[in-house]
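Visitor: Give me a 3D structure for the following:
(one chain, ligands or ions: 1)
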Amino acid sequence: MDMKTISTASGLSAEALRTLGQDFDWGVATAAYQIEGAAFEDGRGPSIWDVFSHTPGKTANGDTGDVACDHYHRRDQDLDLIASLGVGAYRFSISWSRVQPLGQGAWNPKGLDFYERLVDGLLARGVKPHATLYHWDLPQALQDQGGWGARDVAYRFADYAAEIGRRLGDRLAALATHNEPWCTAQLGHATGKFAPGLRDAALARQVSHHLLLSHGLALQAMRAAGTACPLGIVLNMSSVTAATPDDEGLARREYASFVRWYLEPLLLGRYPAHPALPLPEIADGDLALIRAPLDFLGINYYTRIWASQQGLPPPRLLGVNDMGWEVYPEGLRELLVGLQREYRLPPIWITENGMPCADSLQDGRVMDDARIDYVRRHLQALAEAKAEGVDVRGYFYWSLMDNFEWDSGYAKRFGLVHVDYATQQRTLKDSAHWYRELIEEARRG
Ligand code: FCB
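Guide: Okay, here's the model as predicted:
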């Protein structure tokens, strides 16, 4: 009998579950500004997202992260919530301005204490902590000095990384420097959609280099400080499809600017050569720093890039999600297998993948079959990539719970757990129950 046809209770094929393996890390992910709230408490300094979200017209409904999911005050309850999902790993980010309000100089003991307890609370519940140092919330004090456009900020970041590595490195399962530097550079500095809201393509290119430099300096500083846990970075990536044979050139350019621009300095020590992608200013030695060995690579995948000069739409055979992004699970396999063919990759964790739905709570229940279907199909694609030799170690669903979705505010819900923002009531959606059962099934082998 063909094993592929035997579906398990989760709907994944038995073969896919076996391929992912019993020691696969099943996780959920969040980021500091999106869930913590307590934006002005216990000594936290303002970040660029506080300033941006408080600027009229920047976010849907003028939403801000002032309260968000109030996770700062509900940490222990949320730790129980995480444990109740049966996940073995939790990915979170550290708010730089909570632990070091000005981005340099004095540390904030209450901020540091919050993350110490979070990490210890995860370990006490048997959940591996995966931390990210920078999920887009630069201390505003550093923005006032030029932000990521100023080379000096990369050195401030390395100091911050070394301190966190020194304090938490002995207990973390993994520590990533940046989350999605493409978004920081491009959406923050070229399109202005995200904080700090600047619109300058040349600046964005320079920012991308300073982000990568800061990553390299941070790895060097953390390793020099004896940080024990695996160190890496999280990139957002997509497969790219040319709409017609005439669009191949555009597809190559999209892939170069989205994927290769970040991956190649990290893995090969050079930027991709493409006439449409001028180089930033690079000082001697920068690329050698950036190329420091990665213990792991985090990949965030949501959809593919569709390259069409004529503006032809993608086929959208599986529809689009609530953000308008095409659902295209096959892209995850295409992307990973393509990367595996081209590069010598470190171990990979899928650090984000998820589906926003217009969820509603009815009689205490959220029926989100579309999300379950999305995750199931992406896991199937992931298992196929693994079967083709890609060294994937785990998968983090984005997100643990509904939260502040950047410029979309609270209008977009990605969570496995529904949040009623008026009461802060958390309710497990159908997908959360399904995910828990899937994990149990995978662990049983
Ligand atoms: C990613 C971000 C994450 C979340 C998801 C939907 O780009 O890393 O914070 O907003 O998209």
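
Visitor: Report the contact partners of A381.
Guide: Contact analysis of A381 by Cβ atoms under 8 Å, 6 or more residues apart in numbering lists P329, E330, G331, L332, R333. Where C-beta positions appear, they are placed from N, C-alpha and C, glycine not excepted.

Visitor: what's the closest of those residues to A185?
Guide: The shortest gap between A185 and any of these belongs to G331, at 22.3 Å (Cβ to Cβ).

Visitor: Write out the residues of this structure neighbouring the ligand.
Guide: Applying Cβ under 6 Å from any ligand atom, we find that the chain lies next to the ligand at A31, Q34, N179, E180, C183, N236, N300, E352, W398, E405, W406, F414.

Visitor: CSV for these, including pLDDT?
Guide: Shown next, in CSV, are those (pLDDT from 0 to 100):
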residue, pLDDT
A31, 99
Q34, 99
N179, 99
E180, 98
C183, 98
N236, 98
N300, 98
E352, 99
W398, 98
E405, 98
W406, 98
F414, 98
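
Visitor: Any chance of TSV for the residues you listed, columns secondary structure and neighbour count?
Guide: Output for the residues of the chain next to the ligand, formatted as TSV (DSSP: H, G, I helix; E, B strand; the rest coil; neighbours: other Cβ atoms under 10 Å):
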residue	secondary structure	neighbour count
A31	coil	25
Q34	helix	26
N179	strand	24
E180	coil	24
C183	helix	17
N236	strand	19
N300	strand	21
E352	strand	23
W398	strand	24
E405	coil	20
W406	helix	24
F414	coil	27
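
Visitor: How many neighbouring residues does A283 have?
Guide: In terms of burial, A283 registers 10 neighbours under the definition other Cβ atoms under 10 Å.

Visitor: Please name the spatially closest residue to it (chain neighbours excluded).
Guide: In this structure, A283 finds its nearest non-sequential neighbour in R151, 7.8 Å apart by Cβ to Cβ, 6 or more residues apart in numbering.

Visitor: What are the phi and psi values at the one you found?
Guide: Reported as degrees, to the nearest 10, the phi and psi values for R151 are phi -60, psi -30.

Visitor: tell me which element W349 falls in.
Guide: When secondary structure is defined by DSSP states H and E, W349 falls within strand 348-352.

Visitor: Q140 versus W49, what's the distance?
Guide: Per Cβ to Cβ, to the nearest Å, W49 is found 9 Å from Q140.

Visitor: of these two, who's got more company?
Guide: W49 (28 against 22).

Visitor: Helix, strand or coil: sort out that one for me.
Guide: helix (DSSP: H, G, I helix; E, B strand; the rest coil).

Visitor: before we move on, back to that, hang on, isn't the residue nearest to A283 packed against H210?
Guide: Yes. A contact is recorded between R151 and H210 when judged using Cβ atoms under 8 Å, the distance being 5.9 Å.

Visitor: Looking at the two, which is more packed in?
Guide: Under the criterion of other Cβ under 10 Å, the comparison of R151 against H210 puts H210 first, with 27 against 16.

Visitor: hang on, the earlier thing: L217: which of the residues of the chain next to the ligand is nearest?
Guide: For those, the minimum distance to L217 (Cβ to Cβ) is 17.2 Å, reached by N179.

Visitor: what's around the residue nearest to that closest one when sequence neighbours are not counted, how many residues?
Guide: Leaving out its chain neighbours, the residue that sits closest to N179 by Cβ to Cβ, 6+ apart is H135, at 4.3 Å. H135 sits with 26 neighbouring residues when counted by other Cβ under 10 Å.

Visitor: Could you do K386 as well?
Guide: Around K386 sit 20 other residues, with neighbours defined as other Cβ under 10 Å.

Visitor: and if you look at D137?
Guide: Should you count by other Cβ under 10 Å, D137 turns out to have 25 residues around it.

Visitor: what do you get for the one 5 residues further on?
Guide: By other Cβ under 10 Å, 25 other residues sit near L142.

Visitor: Check the offset of the helix or strand containing it from the chain's centre.
Guide: Per DSSP H and E, L142 falls inside helix 140-143. In terms of Cα atoms, centre = their mean, to the nearest Å, the centre of helix 140-143 is set 22 Å apart from its chain centre.

Visitor: What is that helix packed up against?
Guide: If you count contacts as 3 or more Cβ pairs under 8 Å, 6 or more residues apart in numbering; DSSP states H and E, helix 140-143 packs onto helix 48-53.

Visitor: okay, the helix or strand hosting R166 in CSV with CA atoms only?
Guide: Element membership of R166 [criterion: DSSP H and E] is helix 152-168. Output in CSV follows, covering the C-alpha atoms of helix 152-168 (Å, rounded to 0.1, in the frame of the first residue of the first chain):
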residue,chain,number,x,y,z
ASP,A,152,27.6,53.2,14.5
VAL,A,153,24.3,51.5,15.3
ALA,A,154,25.7,48.2,14.2
TYR,A,155,28.3,48.5,17.0
ARG,A,156,25.6,49.4,19.6
PHE,A,157,23.7,46.3,18.4
ALA,A,158,26.7,44.1,19.0
ASP,A,159,27.1,45.4,22.6
TYR,A,160,23.4,44.6,23.2
ALA,A,161,23.8,41.1,21.7
ALA,A,162,26.8,40.3,23.8
GLU,A,163,25.0,41.3,27.0
ILE,A,164,21.9,39.2,26.2
GLY,A,165,24.2,36.3,25.1
ARG,A,166,26.0,36.6,28.4
ARG,A,167,22.8,36.7,30.5
LEU,A,168,20.6,34.2,28.6
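
Visitor: Packing partners of that helix?
Guide: In terms of contacts (3+ Cβ pairs under 8 Å, 6+ apart), helix 152-168 is packed against helix 96-99, helix 109-124, strand 128-134, strand 174-179, helix 201-224.

Visitor: distance of R413 from the ligand?
Guide: For R413, the distance to the ligand (Cβ to the nearest ligand atom, to the nearest Å) stands at 11 Å.

Visitor: Please give me every residue in contact with that residue.
Guide: By Cβ under 8 Å, 6+ apart, R413 lies in contact with D322, P356, C357, A358, D359, D402.

Visitor: do the same with E281
Guide: Residues counted as contacts of E281 (Cβ under 8 Å, 6+ apart) are Q206, H209.

Visitor: Next, it: secondary structure please.
Guide: Once three-state DSSP is applied, E281 turns out coil.

Visitor: pLDDT score for it?
Guide: Per-residue confidence at E281 stands at 98 (pLDDT).

Visitor: S10 now?
Guide: What the model reports for S10 is a pLDDT of 88.

Visitor: isn't there a helix covering it?
Guide: No. Secondary structure assignment (three-state DSSP) places S10 in coil, not in a helix.

Visitor: Now do the same for the closest residue to it other than its chain neighbours: helix, strand or coil?
Guide: Spatial nearest neighbour of S10, excluding adjacent residues (Cβ to Cβ, 6+ apart): L438 at 3.9 Å. Here L438 is helix, with the state taken from three-state DSSP.
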